[in-house]
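Engineer: build me a model from this:
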Amino acid sequence: MLFLIIALWIFIETPFGQNWITRQVTKRFSKELRTKISIRHVDLSLFNRMHLEGLMVEDRSGDTLLYAGDMQVRITDWFFFKKKAELKYIGLENALIKFQRKDSVWNNQFLFDYFSSNDTSKSSKKGGIEFNLKKVSLKNVAFVKKDAWIGDDMIVYIGGLQLDADEINFSRKIVEVSSLNISDPIVALRNYSGLRPEKKSIEKPASVTESSLEWNPDNWVMHVAKLKINNGTFKTDKEDSLPVLSSFDGKHIDFNHIDGDFTNVRWDRDTISTNLKLS
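Structural biologist: Have a look, this model is predicted:
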């Protein structure tokens, strides 16, 4: 038994062993997610630390869903044998994350379905792992959302981000963050005519019900104790047939050098509240 333990330890610590483990993990997730996942280089330690370089995840159409030049993860030991796992730390550097759709289904919906599954009934098929996220660090990361169905694009670039959370649970839809610091962010919005057919006018009920939430349809509950933004930029453009005004044009706005301190940020149902200092 001791010989087997030592042999396993040596195997895990060798480049060959780590590459073999990486192939097994990516093979498993590629098979279960029915997409392509590749990693250029990996450094593992006791199945609870991962340092990945050149991570690529494609959607089911073969387009890039995630690219990370450098990604570090600290997670629960032997997480792939468990139903629940704690993501203690995620670090991303030189990364691109893309969400896009041309119909009512997002290209990343299959990931949300997999990682939010927590059905333990015997009659159901085996679900994904339930994750709880604790700490995030980002550097030179871009999020791109192209919604051709609605006609609503968004690009978010983050120069640097540090997040410390008490709990971020994707299955329970709970976000409890103690501090969030963001530096050199850029948010650019673009509205245009989408592909979705126009809906017939329907009279809305007087009272807001659980199913009529527009900003928060999945009913997430979010709380951030402290949020700080340094040197931010916000841009918005709404395309139409009218020429751009020579004076202030509310359809084409560019605010920059934004600094903000937010405390007790809450998002519950469709209500967002906070105390803020903004310049």
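Engineer: pull up the pairing partners for the helix or strand harbouring residue 86, direction included.
Structural biologist: For residue 86, the element it lies in under DSSP states H and E is strand 84-101. Strands adjacent to strand 84-101 in the sheet, as given by DSSP bridges, are strand 64-75 (antiparallel), strand 130-147 (parallel).
Engineer: so how far is residue 111 from residue 30?
Structural biologist: Residue 30 is 12 Å from residue 111, where distance means Cβ to Cβ, to the nearest Å. All C-beta atoms are positioned from the backbone trio N, CA, C, and that covers glycine.
Engineer: settle it for me: which of these two has more neighbours?
Structural biologist: The neighbour count for residue 30 versus residue 111, taken as other Cβ atoms under 10 Å, is higher for residue 111 (18 against 15).
Engineer: wait, is the more buried one part of a strand?
Structural biologist: No. Residue assignment for residue 111, taken from DSSP: H, G, I helix; E, B strand; the rest coil, gives helix, which places it outside any strand.
Engineer: phi and psi next, for the spatially closest residue to it that is not a sequence neighbour.
Structural biologist: With Cβ to Cβ, 6 or more residues apart in numbering as the criterion, residue 111 has its nearest non-adjacent residue at 6.9 Å, and that residue is residue 33. With angles defined as degrees, to the nearest 10, residue 33 sits at phi -90, psi -10.
Engineer: residue 33: neighbour count?
Structural biologist: For residue 33, the count of nearby residues is 19 (other Cβ under 10 Å).
Engineer: surely it is in contact with residue 110?
Structural biologist: Yes. Contact status for residue 33 versus residue 110: in contact at 6.3 Å, counting by Cβ atoms under 8 Å.
Engineer: does residue 32 belong to a helix, a strand or coil?
Structural biologist: helix.
Engineer: is the closest residue to it other than its chain neighbours in a helix, a strand, or coil?
Structural biologist: Among residues not flanking residue 32 along the chain, residue 114 sits closest, at 6.9 Å (Cβ to Cβ, 6+ apart). Three-state call for residue 114 (three-state DSSP): helix.
Engineer: count of neighbours near residue 114?
Structural biologist: By other Cβ under 10 Å, 15 other residues sit near residue 114.
Engineer: residues in contact with residue 161?
Structural biologist: Contacts were defined as Cβ atoms under 8 Å, 6 or more residues apart in numbering; by that measure residue 161 touches 136, 137, 138, 139, 141, 180, 181, 182, 183, 185.
Engineer: for the residue nearest to residue 32, give its distance to residue 224.
Structural biologist: Remark: distance between residue 114 and residue 224 (Cβ to Cβ) = 27 Å.
Engineer: with residue 198 instead?
Structural biologist: Residue 198 sits at a distance of 37 Å from residue 224 (criterion: Cβ to Cβ).
Engineer: now the most centrally placed residue in the chain: closest residue in space that isn't a chain neighbour?
Structural biologist: Central residue of the chain (Cα atoms, centre = their mean): residue 97, 7.9 Å from the mean position. Leaving out its chain neighbours, the residue that sits closest to residue 97 by Cβ to Cβ, 6+ apart is residue 143, at 5.0 Å.
Engineer: what of residue 256?
Structural biologist: The spatially closest residue to residue 256, leaving aside those adjacent along the chain, is residue 233, at 4.5 Å (Cβ to Cβ, 6+ apart).
Engineer: what is the one you found paired to in the beta sheet?
Structural biologist: Beta-bridge pairing for residue 233 (DSSP bridges): residue 186.
Engineer: and the contacts of residue 161, which is closest to residue 167?
Structural biologist: Checking the contacts of residue 161 against residue 167 by Cβ to Cβ gives residue 136 as the nearest, at 13.1 Å.
Engineer: I'd guessed the closest one sits against residue 160; true?
Structural biologist: No. Judged on Cβ under 8 Å, residue 136 makes no contact with residue 160 at a distance of 11.4 Å.
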